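sequence plus predicted model, see below.
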Amino acid sequence: MAFYINPPFHKGSKGGGTTKACLPKAKIASMSATEKKKVINAKKSAGSKGERVRSSKSNVSGTAANSLEDWVKQDWRQVANPNKKCGEK
């Protein structure tokens, strides 16, 4: 019989709380103002709760690429300010 004991120092995944929502630049350009606002508000709400992922109700379609390599190579920008790259402050 095997026993699994959770170590006392393990607290789950670390991190979270970011409020910047990022999407490919082409997708942001094709979104309406209300769609952008929905994504931004969902990410801010999740970040204020310390969560890493925004609500699935704010998911956007049409951002898929043919492969993971294509997906990564897209020009990712902040939805709130598309002039800034995804990681910029």
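Received the coordinates, thanks.

any idea how far the longest helix seen in the chain is from the chain center?
Ranked by residue count under DSSP state H, the longest helix found in the chain is helix 33-48. Relative to its parent chain, helix 33-48 has a centroid offset of 10 Å by CA atoms, centre = their mean, to the nearest Å.

name the SS class of Gly87, please.
The three-state assignment at Gly87 reads coil, by DSSP: H, G, I helix; E, B strand; the rest coil.

and it, how many residues sit next to it?
When neighbours are defined as other CB atoms under 10 Å, Gly87 has 9 of them. Where you see a C-beta, it was placed from the backbone N, CA and C, and this is true even at glycine.

ok, now Val72?
Applying other CB under 10 Å, we find 9 residues neighbouring Val72.

try Pro24
Pro24 has 19 neighbouring residues, counting by other CB under 10 Å.

kindly state the beta-bridge partners for it.
Trp76 (DSSP bridges).

in contact with it, which residues?
63, 74-77 (CB atoms under 8 Å, 6 or more residues apart in numbering).

which residues are in contact with the closest residue to Asn41 other than its chain neighbours?
Counting by CB to CB, 6 or more residues apart in numbering, Asn41 lies nearest to Ser58, which is 7.8 Å off, once chain neighbours are set aside. By CB under 8 Å, 6+ apart, the contact set of Ser58 is 38-39, 41-43.
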